[in-house]
Structures are given as C-alpha cells and as structure tokens.
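Q: Test case, fold it:
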Amino acid sequence: MSTTWGLLLKYDVTAPSRGLARAGAISDGPASYDAGDWAFEFLRRNPEYRADWRSSVPRHLPHVVLKDGTRLLRLRRRFPRAERWGLYAFADPFIPARRSPVFWHLNALKRVVRLRAEPARYPESAAPLTLSNFRVERLAAIGTDNVPLVLMKGPGSYVPVEISGLAALTLPFRPVFEIDSLLDLNAQTELLKRLQRFAEKAPAAGRPGLPVDERLHHALIALDESLAGKTYRQISITIFGEKRVAEEWQGPSQFLKDRIRRLVAKGTELMMGGYRDLLL
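A: Residues are numbered from 1 along each chain as shown. Reported below is the predicted structural model:
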C-alpha cells in the first residue's frame, strides 16, 4: 500500500482488475471524484504550487457553513498567486480532494451556468428556488466583484453556477437563466440537465457506484510511483500486477512498456498544468 501525498492507493494485484484500486481506496472513493477533484489531485503534486502555497499569507482562508449546508468562502481581496493556479484561494496540497473544499476560480472554468435571481414573487404554480433544493455538496465563493459562484458537486460531476442579484445565498429566488451565445447552446443544455438532476430526489441507498475513471486513476498512480523513483517495470507491476508484467514485459510486444511511458508522461503533463483541461 502506498500513501504518497496523503492519497490512499490500495492495490490488489490478485483481483481481476489487475491492480486497479478498489472502491473507497482514494479518500471518499475515486468513483465519487468529479473533474475538479481529479484536477486538484494532479495540481497538489506540483512542486511550484506547493512552494507558492508555503509562501502564501495566509496559507488557509477560513470558510463558513451556511444554515442550508453551503460552504462559503468570502474574499475581501484578490489572491493573484492562487488565481495563477485557477483558484480563488490556495487549497492545502497535503489534503486530498473531497477532504477539504477547493474553490476553483471562475476564469479557470470553461463553461458556467449563469442565472439572474429575481425576487420570489411568483404565481402559485411556480415555486421559488433555494440552493438547498440542490441535494449535492455546494461550495460558494464570493470574490471582490460580489457575484457568487456556486459549485454544485454531485457524484462524479459538477456544475458551476454564477448567480447575480441575490442578496443572500440562503434566500429563495426565481431563476432566470442566461445564455451568452447560441453556439454554446448544446453545452449549456447539458449543464442545465445535470443541474436538474441535482435537484431531483437523492439516489436510493444501495444504488451501484459510478465507474472509476481508469485513465486518470492510472495516470495518477504512475505519477506518484515515478515521483517516488520507481522504474517503469515497478510502476507497471503496481498498476497491472506482477503476473501480467512477468508474462509481457520481456515479450516481443512493446505495448505494456509504451503504455507505462504514456501514463507517466500524461500524469506529469496534468501535474504541470494540463489539469486545467479537466475542468468544465
């Protein structure tokens, strides 16, 4: 078992998965990770990010938990060094994703749902909306522009929502959704559908978990093992199991060796800035 960077990676080399970590092995389970969680896992391994975090003042900005469960980070000033990494404020690189809130900056996100909050004066057929209607984890950041960005985090996916015109995040409102361009209509429609699912009844107990993103998971393992000084063969054993490596490593096919090289290269690329491509 490896505990590199505080991320528990348990490998069962005798399992049919050939070493893929079991559910629950990564913090709250890799299947619960959304794209932002994976992005932070690669970012927090970046030595320059860790150096910036160590020299930042303060290293940690406290957030508050509103009465509806939303976690709110209120910024009185900007933190340009954190924004350089796509964050409103630094997140501790030694705490895994899902263990501590990570507030991604609006400018780091490719697609955002934008809505204008109208007063909750409505006909009887139209009920008001509150953030608590979305039965998922909610992280809200209010920057110096005073416009909240709420990250709705469901199992395996998230939706960023920028809300204007809302005096307090816990108040009811009538949402008016805004679309910048018809060219973005399909992407916005998909985000709105996802947002609607977040507002539906919570998943029933015992519902099968989401599949682990094997590509990112293997790249993260390869990166960790590479940073620990392991050889390609050792990394391959960690991911695919000793039996398969013994059978294929010295064979005529270079597939396994090439795959490990690609995984290490991919993990390194994501750590050094490619993590931004994972964000919506």
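Q: C-alpha from now on. contacts and neighbour counts both.
A: OK.
Q: Over stretch 192-206, what's the mean pLDDT, rounded is fine.
A: On average, the pLDDT along stretch 192-206 is 77.
Q: If you could redo that for stretch 217-225, that was the one I meant.
A: 96.
Q: In terms of helices and strands, where is Asp68?
A: For Asp68, there is no host helix or strand (DSSP states H and E).
Q: now the closest residue to it other than its chain neighbours: how far from Thr189?
A: In space, Asp68 comes closest to Ser132 once its chain neighbours are excluded; the distance is 5.8 Å by CA to CA, 6 or more residues apart in numbering. Per CA to CA, to the nearest Å, Ser132 is found 22 Å from Thr189.
Q: give me phi/psi at the residue nearest to Asp68?
A: Dihedral pair for Ser132: phi -70, psi -10, per degrees, to the nearest 10.
Q: ok, it - how many residues close by?
A: Applying other CA atoms under 10 Å, we find 18 residues neighbouring Ser132.
Q: Would you enumerate the residues in contact with it?
A: If you count contacts by CA atoms under 8 Å, 6 or more residues apart in numbering, Ser132 has them with Asp68, Gly69, Thr70, Thr170.
Q: Would you point out the most distant pair within those residues?
A: The widest separation within the contacts of Ser132, taken as CA to CA, falls between Gly69 and Thr170 and amounts to 9.7 Å.
Q: Give the partner strands of the strand or helix carrying Val176 in its sheet and their orientations.
A: In this assignment (DSSP H and E), Val176 forms part of strand 174-178. Applying DSSP bridges, strand 174-178 is found paired with strand 113-118 (antiparallel).
Q: So what's the residue count around the closest residue to Asn133 other than its chain neighbours?
A: Closest residue to Asn133 apart from its sequence neighbours, by CA to CA, 6+ apart: Ala199 at 5.5 Å. Residues within reach of Ala199, counting by other CA under 10 Å, total 16.
Q: got the domain boundaries for the protein?
A: As assigned by automatic domain parsing, the chain contains the domains 4-25+209-278, 33-38+54-199.
Q: Figure out how far the longest one is from the centre of its chain.
A: Domain 33-38+54-199 sits 13 Å away from the centroid of its parent chain (CA atoms, centre = their mean, to the nearest Å).
Q: can you tell me the distance between the two ends of it?
A: 19 Å.
Q: Next: stretch 246-258.
A: Where stretch 246-258 begins and where it ends lie 16 Å apart, using CA to CA.
Q: Show me the contact partners of it.
A: Contacting residues not belonging to stretch 246-258 are listed as Tyr232, Arg233, Ser236, Val245 [CA under 8 Å, 6+ apart].
Q: Could you provide these in JSON lines, with additional columns for neighbour count?
A: As requested, the contacts of stretch 246-258 are exported to JSON lines (neighbours: other CA atoms under 10 Å):
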{"residue": "Tyr232", "neighbour count": "19"}
{"residue": "Arg233", "neighbour count": "15"}
{"residue": "Ser236", "neighbour count": "26"}
{"residue": "Val245", "neighbour count": "19"}
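Q: Now intersect those with the helices, please.
A: Residues of those located in helices (DSSP state H): Tyr232, Arg233, Ser236, Val245.
Q: And those, which is closest to Glu118?
A: Ranked by distance to Glu118 (CA to CA), those are led by Ser236 at 55.4 Å.
Q: ok, now which ones touch the closest one?
A: By CA under 8 Å, 6+ apart, the contact list for Ser236 reads Val245, Leu256, Lys257, Ile260.
Q: Apply 7 Å and report the result again.
A: Counting by CA atoms under 7 Å, 6 or more residues apart in numbering, Ser236 touches Val245, Ile260.
Q: What distance do you get for it to Phe255?
A: 11 Å.
Q: Flag every buried residue along the longest helix along the chain.
A: Counting residues, the longest helix found in the chain (DSSP H) is helix 255-271. By neighbour count on 16 or more other CA atoms under 10 Å, the buried set for helix 255-271 is Leu256, Lys257, Ile260, Arg261, Leu263, Val264, Ala265, Lys266, Gly267, Thr268, Leu270, Met271.
Q: next one: stretch 244-253
A: So stretch 244-253, judged by 16+ other CA under 10 Å, has buried residues Val245, Trp249.
Q: That stretch: end-to-end distance?
A: End residues of stretch 244-253 are separated by 13 Å (CA to CA).
Q: please begin residue numbering at 29 from this point
A: That works, and once the first residue is 29, the last one we named lands at stretch 272-281.
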